[in-house]
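Participant: Next comes the sequence, and after it the predicted model I'd like to discuss.
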Amino acid sequence: MRTIGLIGGMSWESTTEYYRIINQSIRRRLGPLRSASLVLFSVDFGPIERAQHNNQWDAAAGILEDAARRLHAAGADCIVLCTNTMHRVADRIQAAVPIPFIHIADPAGRAAVQSGFGTVGLLGTGFTMTQPFLRERLVEQHGLTVLVPPADEQDNVHRIIYDELCVGVIRKSSRDVYRQVITGLIRRGAKAIILGCTEISLLLKPSDVAIPLVDTTALHAEAAVEFALNARGSG
């Protein structure tokens, strides 16, 4: 089994989901007393969140480059960045280490294509919904048509992530807001919704909406397991 390197803490609420999903998958595949070989570097999200909102992406990238180097030094065989938004600097992180970086968009894109969802809605932070780093990869490498909510709805989705989900607050009223946003995306042609923030799956479950959810957290964690168990995998 190869060792998974997790960069977490953005927020730690969803990082715990990565740890749970990865270890449950290993136990399911290998036996009841088996668990993953992994190392976790959990960053302090506060400085990164400030850098995001102050458009200081170089500063945030530097923190994550350092985390990746530390994971490599600790014996990690791959890097898994436990957040969608900070994939904005994925190229910087990959360049910092000589081991594979498992990009969060790829397992989500593959899952959508395999299920026949040519047109998907994308929910995430304002950065993820408005900037091209995730959408373009889904479009260019996986052939998807990607819809995002209108600006006012994006503001609500973003606020709920930072003010509630990242601090462990789950509210029915916020679930209702997301369901209303998804209804609008369905009307525009979305056949599935990509949960493009690792915290959204804490709020929304498949039974909450009328179309399938593509959960980046679960799919990314499973991709890490596949890498760990497949010696020929490239990540």
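Facilitator: Done, it's in.

Participant: Would you map the strands across the protein?
Facilitator: With DSSP state E, the ranges of strands along the chain come out as 4-8, 38-42, 78-81, 119-123, 145-147, 192-195, 213-215.

Participant: any idea how far the closest residue to Val89 other than its chain neighbours is from Asn230?
Facilitator: Nearest-residue entry for Val89: Ala61, 3.9 Å, with adjacent residues in sequence omitted and distances by CB to CB, 6 or more residues apart in numbering. Yep, even glycine has a C-beta here, placed from its N, CA and C like the rest. Distance of Ala61 to Asn230, given as CB to CB, to the nearest Å: 29 Å.

Participant: ok, back up a step: quick one, which of the strands of the chain gets closest to Gln94.
Facilitator: When those are compared by CB to CB, strand 78-81 sits nearest Gln94, at 7.5 Å.

Participant: from the chain's centre, how far out does that closest one sit?
Facilitator: 11 Å (CA atoms, centre = their mean, to the nearest Å).

Participant: average pLDDT for that strand?
Facilitator: On average, the pLDDT along strand 78-81 is 98.

Participant: contacting residues around the closest residue to Asp155 other than its chain neighbours?
Facilitator: Leaving aside its chain neighbours, Asp155 sits nearest to Gly126 (7.1 Å; criterion: CB to CB, 6+ apart). Going by CB atoms under 8 Å, 6 or more residues apart in numbering, Gly126 touches 154-155, 157-158.

Participant: which of those residues lies closest to Ala111?
Facilitator: Checking these against Ala111 by CB to CB gives Val157 as the nearest, at 21.2 Å.

Participant: Surely that closest one touches Pro149?
Facilitator: Yes: Val157 is within contact range of Pro149, at 6.5 Å (criterion: CB atoms under 8 Å).

Participant: anything in contact with each of the two?
Facilitator: Taking CB under 8 Å, 6+ apart as the contact rule, Val157 and Pro149 both touch 123, 129, 181.
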